[in-house]
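Colleague: What follows is a predicted protein model with its sequence.
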Amino acid sequence: MNRALHTLKFSEAGVRGVVGDSLTPQLASSLASTFGKYTGCGRVIVARDTRNSGKMLEQAVIAGLLAAGCQPLILGIVPTPTAQLTVTHFKASGGIVITASHNPVEWNALKFIGPHGTFLDTRESAELFDIFTQGNLDYCSERNYKRLRYENNAFKLHMGRIFKEIDVEAIRARKFKVAVDCCNGVGALYSRSFLEELGCEVVSIFDRPNGIFERPPEPLPENLAELEKAVKTHNCVVGFAHDPDGDRMTLVDNDGRALSPQYTISLAADHMLSENPGPVVVNIQTSRMVEDIAASYGCDVFYSKVGEINVVDMMIEKNSEIGGEGNCGGVIWRRLHPGRDSYAAMALILEMLALTNETMSEICASMPVYFNLSEKFRCGAFQAREIIYELRKRYCNYECVTFDGLRISMPDGWALLRGSNTEPALRLTVEATTRKQAQKLLDRFSNEVKTFKS
Amino acid sequence: MQPRKLGSAGIRGIIGAGLAPENAIDFACAFGTLANGGRVVVALDTRFSSEMLHQAVISGLQSCGCEVHDLGIAPAMLLSFAILELKADGGLLIGGGHQKESWNSIVPWGGNGAYLNSIQLRELFDIYYGRRFIACKWNKIRDVVPVPESIRKQYFDVLCRAVDTETIKKAGFTVICDFCNGSGSVLAKEFAERFGLNLIPINNILSGILPHDPEPRPHSAFQVQSLIKALKSDAGFVFNSDMSRVSLVSDTGETLSEEFSFPLGTNYLLGKAGEKNLRVISNICTSKILDDVVARHHGILEKHITGQSNIIDYMEETNAFISGEGSGSFTSSDWLPGFDAIYASAVILEAMAATEKTLSELVNELPRYHIVKRTVDSSSMHAYNRIRAIRSHFRDARICEIDGLRLDWKDGWVSVRASSTEQVIRLISESKDKELAEDRALEISTLLENMN
């Protein structure tokens, strides 16, 4: 089969594809025009990460927006959360971020932000794609073209908003020495100055904004050996690892040990609830650690489907101030803006360190211990659903959550099976209180899945 | 039919309706494929939609792996100059040129600094229609390189050697230049300085607002005309927005037909060269003034298919001295391979300075004809058949069909052809006798309308 058919993916996570193959400037421009029309031909924020193909796609997007009669407001290379917050700040009717987030370097994507600074949800994305499919847009006429605008200080706005909400002086007073791994992504332009503004002495690695990822772009512990080394060598109190577009973050403790991404939301929630108790919303791929922490403050935890917009929607519904996605190191602090933000996460962790007087490893030691393991099976979306339906029958006597795949509660942990939104795969995630038990769970469900394999 | 044309002057259309970003990207990708991911220079004019096309074109070229050099807002022949200077494989010019508001275009240029010729165009269009473009891998996409501003200085250095700059300088002319708010005004200051001109620019805001019909014609010269005497000017120049055409306003305030520009230049250049049998290339619908001028200097006039691409290519092929078109443009073998209104203006200023004659005196040395230009709407599948059908109505005329239909009588001629840049049939009628020229134009336009 043609490879192009396989690498293009339309979903609520945007439209992603491989540059030089399926993601062409023609497609980017048409999508941008459609989005421009869909959001009412107003001001549209355009942002991108450091990927080499970003500029090429940005120009196609700008052309598409101009032709639709929009006024593109161009931010250049900024973190995705900056773009989200800029949409509401500049009263834009939407935004397009050109980033394939943690996907490998040859990928890129257009992600669509609605007028409230949140990504389009499933229904809105479906509406957008429906208009796109019908084609034949009414383009703007020569007379009604609007001029391009540029905004070069968007991140300053973002930083200012974070600093207003945290105890900057307390952090500055501690003069922390920290390490940051920017993955040669957007962090390379902003993280050092952000941390230095907080009085930190900064050791940075992979800090060239060239989009050439020198480690796998997903901030998972197994990809963070260099950051672990940097933390150890320089005696840092903490290490922060970004993904390329700066919405997700993983921690390395002061002993130079990369933590599971589940710790990012867990620690942020712990710190937040210690001052402002309230409901927490996380996706169902999040560790039970959050539930334990919330319980210790007498707070509720609500589970949403996987995907930033799903967490955000439920946070609004439950009036929750803090939420996130445990599996990928995503922290959402609603007061700042409703989206995952690795800069907000860094600020919260630093404030926690500053106010508690404990080291990172001491804080972690006081946390409940869980082990997560996962496995990926290549299979189409439809087959994935068939497998999930069948397993629901087999495990009908267990406590199950079925609104996004299948999450089965076991006495000593849980297992989650769900079809991926970004690739043709079925993902199995398990959690248990011991590594051995987690492995047992993984083996058990892995074998269950394999019974379906032809 | 969609308001879009693909022809020797590239892809053109009404913005939104016929020329959308997808068309622009496809066209740029076809060009990038033809250039095999090589070096391409890009320039734009000031129309409202030009920035959109500019972004689309660069994106398309980058996706083919091209090394894009961005000249920004620049006239056509500065692009030509930059292509040669940067040894590029070609260039794309974005702009409305002489066309009405809401039209825009992307014109492809070759590595020789000229419009693509008919063979290259055929290759380009085959790629465009087939829509299978080369696509470079993500890590082969190249950054856009801005062309340094010093390119303008280099351009004027060469121009000053191509004409008799000292003589022009000494004359100390006062001129009014109407840039039609197009890209030409970026050269105004240096043009004035280099040639010692007291240059009064009008309509020189870089804007998509068209102050008048962008085609240099007597009716678009009124603003210059109203100033010429008041400001005691020696000449007025009315440019189109990409600086390829010019029409003149004389010192006495006469809004001259654009058909005078080419013969005026030719008359002077042939006289200055002082040789017989010099070759001049023109199209089949240029005023007979030119025929008379070339005959006066014992030159050889050849008429070819209308359009800069054809005329320049034929000039190179036949090693001609001068080429041009009645629409107000010409060049010579001393200059770049394209129509440059700055060069044309400099030649006319040199003619005035060297002969110590006023512009009106120079014009009075030329024969006068009456020329009528009309357009008939042709957004129909039957435009070509309608032109063909005209033939049978004029059995007394000599017929030439190398480009549309040309009818020749002893006392005048008529040309009827489908425009390659707009959805119109262009009708030109010329005669010594004003009434006759007008009657023939009316008769044929009525015939064309009636065949609707």
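Modeller: Structure's in. What do you need?
Colleague: which residues does residue 414 contact?
Modeller: Went with chain A since none was named. A:288, A:407-408, A:430-431 (C-beta atoms under 8 Å, 6 or more residues apart in numbering or on different chains). Using the backbone N, CA and C atoms, a C-beta is placed for each residue, glycine as well.
Colleague: try chain B instead
Modeller: Residues in contact with residue B:414 (C-beta under 8 Å, 6+ apart) are B:397, B:406-407, B:427-430, B:440-441, B:444.
Colleague: Surely it is in a helix?
Modeller: No. Assigned with DSSP: H, G, I helix; E, B strand; the rest coil, residue B:414 falls outside any helix and is strand.
Colleague: gap between it and residue A:95?
Modeller: 58 Å (C-beta to C-beta, to the nearest Å).
Colleague: Please apply the same query to residue B:293.
Modeller: 61 Å.
Colleague: Give me the more crowded residue out of the two.
Modeller: Taking other C-beta atoms under 10 Å in any protein chain shown, residue B:293 and residue A:95 do not tie; residue A:95 has more neighbours (29 against 25).
Colleague: how about the strands in the stretch 101-250 of chain B?
Modeller: B:103-110, B:145-146, B:174-178, B:198-202, B:235-239, B:246-249 (DSSP state E, counting those that start in this stretch).
Colleague: Could you dump those into CSV with mean neighbour count and distance to residue B:133 added?
Modeller: What follows is the strands of the stretch 101-250 of chain B, written out as CSV (neighbours: other C-beta atoms under 10 Å in any protein chain shown; distance: least, C-beta to C-beta, whole Å):
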stretch, mean neighbour count, distance to residue B:133
strand B:103-110, 26, 15
strand B:145-146, 12, 22
strand B:174-178, 25, 40
strand B:198-202, 17, 41
strand B:235-239, 29, 35
strand B:246-249, 28, 37
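Colleague: For chain A, name the helix or strand with the lowest mean pLDDT.
Modeller: helix A:3-7 (a mean of 58; mean pLDDT, DSSP states H and E).
Colleague: Give me the buried positions along the next helix or strand after that helix.
Modeller: As assigned by DSSP states H and E, the chain's next helix or strand after helix A:3-7 is strand A:9-11. Applying a neighbour-count criterion of 16 or more other C-beta atoms under 10 Å in any protein chain shown, one finds A:9-10 buried in strand A:9-11.
Colleague: residues in the stretch 51-200 of chain B within reach of chain A, list them.
Modeller: Taking C-beta under 8 Å from any C-beta of the partner chain as the test, the list of the stretch 51-200 of chain B residues beside chain A reads B:51-53, B:55-56, B:58-60, B:62-63, B:101-104, B:135-141, B:143-144.
Colleague: Count the residues that sit near residue 434.
Modeller: With no chain named, the answer covers chain A. 13.
Colleague: Hmm, no, I was thinking of chain B.
Modeller: 13.
Colleague: Kindly reformat the strands of the stretch 101-250 of chain B as JSON lines containing distance to residue B:186.
Modeller: Listed next are these as JSON lines, based on distance: least, C-beta to C-beta, whole Å:
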{"stretch": "strand B:103-110", "distance to residue B:186": "18"}
{"stretch": "strand B:145-146", "distance to residue B:186": "14"}
{"stretch": "strand B:174-178", "distance to residue B:186": "12"}
{"stretch": "strand B:198-202", "distance to residue B:186": "11"}
{"stretch": "strand B:235-239", "distance to residue B:186": "12"}
{"stretch": "strand B:246-249", "distance to residue B:186": "16"}
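Colleague: now these in a markdown table, with distance to residue B:33 and mean pLDDT?
Modeller: Below are these laid out as a markdown table (distance: least, C-beta to C-beta, whole Å; pLDDT from 0 to 100):
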| stretch | distance to residue B:33 | mean pLDDT |
| --- | --- | --- |
| strand B:103-110 | 12 | 97 |
| strand B:145-146 | 20 | 98 |
| strand B:174-178 | 39 | 98 |
| strand B:198-202 | 40 | 98 |
| strand B:235-239 | 34 | 98 |
| strand B:246-249 | 35 | 98 |
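Colleague: looking at those, which is closest to residue B:358?
Modeller: strand B:235-239 (8.6 Å; C-beta to C-beta).
Colleague: and the closest one, how far from the chain's centre?
Modeller: On the basis of C-alpha atoms, centre = their mean, to the nearest Å, strand B:235-239 sits 15 Å off its chain's mean C-alpha point.
Colleague: Strands of the stretch 251-400 of chain A, residue ranges please.
Modeller: Using DSSP E, counting those that start in this stretch, strands in the stretch 251-400 of chain A cover A:280-283, A:301-304, A:322-325, A:330-333, A:371-378, A:399-401.
Colleague: Out of those strands, which is closest to residue B:255?
Modeller: Of those, nearest to residue B:255 by C-beta to C-beta is strand A:330-333, at 68.2 Å.
Colleague: who does the closest one touch, helix- and strand-wise?
Modeller: Secondary-structure packing of strand A:330-333 (3 or more C-beta pairs under 8 Å, 6 or more residues apart in numbering or on different chains; DSSP states H and E): helix A:262-275, helix A:308-318, strand A:322-325, helix A:342-356.
Colleague: So which residues make contact with that strand?
Modeller: Looking at what lies outside strand A:330-333 - C-beta under 8 Å, 6+ apart - the contacts are A:165, A:247-249, A:264-265, A:268, A:272, A:308, A:311-312, A:315, A:321-324, A:338-342, A:344-345, A:348.
Colleague: repeat that with 7 Å
Modeller: Identification of contacts with strand A:330-333 by C-beta atoms under 7 Å, 6 or more residues apart in numbering or on different chains yields A:247-248, A:264-265, A:268, A:308, A:311-312, A:315, A:322-324, A:338-341, A:344-345, A:348.
Colleague: Excluding chain neighbours, what is closest to residue B:19?
Modeller: Closest residue to residue B:19 apart from its sequence neighbours, by C-beta to C-beta, 6 or more residues apart in numbering or on different chains: residue B:13 at 3.4 Å.
Colleague: phi, psi of that neighbour?
Modeller: The phi/psi pair for residue B:13 (degrees, to the nearest 10) reads phi -180, psi 170.
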